[in-house]
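Student: Sequence first, then the predicted structure, then my questions.
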Amino acid sequence: MGAGTKLRQILAQNGLIEAMAAHSPLSAMLVAEAGFDAIWASGFELSALYGVPDVSVVSMTQHLDMTRAMAERSGLPVVADIDTGFGNAINVLYAVAQYERAGAAAVVIEDKSFPKVTSLIADGRQEMVRIEEFQGKIEAARAARRDPDFLIVARTEALIAGLGQGEALKRARAYEAAGADMILVHSKQKTPDEVEAFVKAWDGKAPIAIVPTAYPQMTVARVRALDKIGLLIWGNHAIRASVQAMRETFAQIREEGGIAGVDRRIASVEDVFDLQGMARVKHDEKRFLR
């Protein structure tokens, strides 16, 4: 079964896909351990992992390699955040073929210009491409995929750019007409009201995807009550949790002048060995090393 088929089956069975962000094979394995349906291969998280701004600095190769590794190690369907598609429709043709070959289940492409600026930054540059240009990207993505179950998710940043619900709906309808399997609508408002209004006004057939990072009041129950949402992405919590945990641990070691205090509250070495599969290594050594 292809990764896209698996993702579509989850949606059909559960009515909603819950994807958690990850930025490495280890974080992807922890997403699977926690019981989420899918991995969100977040461009923001990977940029943060490399310590660079989320402004199209991380290359397609870097993101693609990490997506492949996360798919292999987690066993979950991966929804790849490929920003603007790394260029124009010609770049999208190449990118989609590569991500499908790498084991991704879906790609999300947004309608901002390349290079993009991260959506939630205050007063950030949010330049949109023409609707017709983005329709060409969607059509290119559909032409490039081999498996018809591989999902093409069109992300509109109209609300992020302050263009209003009318423009967001206009773009979403145009993107569905171009063949998008799902529409992602993003907002940086501090409450769910803007996104909920969009979802209620949506008259297309394509399911909606949301990323409620800025409006944490949005819960799974609230999403299900809206009925039209098919993909719920917890967008950047893995990297934020990692930053906080490392800061607290490092500060405690500096303050106490040793590791005895932190050793009791962090993962054990044996826990990490389990994640790495060291028991299998020991088994294979006994079997094969002579």
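Tutor: Looks like it came in fine.
Student: okay, stretch 83-94 in PDB with CA atoms only?
Tutor: The C-alpha atoms that make up stretch 83-94 are tabulated as PDB, following Å, rounded to 0.1, in the frame of the first residue of the first chain:
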ATOM      1  CA  ASP A  83       6.700  25.800   1.100                       C
ATOM      2  CA  THR A  84       6.200  27.400  -2.300                       C
ATOM      3  CA  GLY A  85       7.500  24.300  -4.200                       C
ATOM      4  CA  PHE A  86      11.100  25.600  -4.300                       C
ATOM      5  CA  GLY A  87      10.400  27.900  -7.300                       C
ATOM      6  CA  ASN A  88       7.900  27.900 -10.100                       C
ATOM      7  CA  ALA A  89       5.800  25.100 -11.700                       C
ATOM      8  CA  ILE A  90       8.900  23.600 -13.300                       C
ATOM      9  CA  ASN A  91      10.500  23.200  -9.900                       C
ATOM     10  CA  VAL A  92       7.300  21.700  -8.600                       C
ATOM     11  CA  LEU A  93       7.300  19.000 -11.300                       C
ATOM     12  CA  TYR A  94      10.700  17.900 -10.000                       C
END
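Student: Show me the contact partners of it.
Tutor: 43, 56, 60, 95-96, 109-116, 129, 133, 136-137, 139-141, 143-144 (CB atoms under 8 Å, 6 or more residues apart in numbering). Just so you know, the C-beta spots here come from the backbone N, C-alpha and C atoms, and that holds for glycine as well.
Student: can you map out the strands along this structure?
Tutor: 17-22, 38-41, 78-81, 106-110, 151-156, 182-185, 208-210, 229-234 (DSSP state E).
Student: and the last one, what other elements does it pack with?
Tutor: Taking 3 or more CB pairs under 8 Å, 6 or more residues apart in numbering; DSSP states H and E as the contact definition, the neighbouring helices and strands of strand 229-234 are strand 17-22, strand 182-185, strand 208-210, helix 220-226.
Student: relative to strand 106-110, how tilted is that strand?
Tutor: Strand 229-234 runs at 80 degrees relative to strand 106-110, counting by axes from the mean of the first three to the mean of the last three CA atoms, to 10 degrees.
Student: so where's the protein uncertain?
Tutor: For the chain, the stretches flagged by pLDDT under 70 are 121, 124.
Student: Domain map for it?
Tutor: 3-236, 243-288 (automatic domain parsing).
Student: Could you tell me how far the first one lies from the centre of the chain?
Tutor: Taking the mean of its C-alpha atoms, domain 3-236 sits 6 Å from the chain's own mean (CA atoms, centre = their mean, to the nearest Å).
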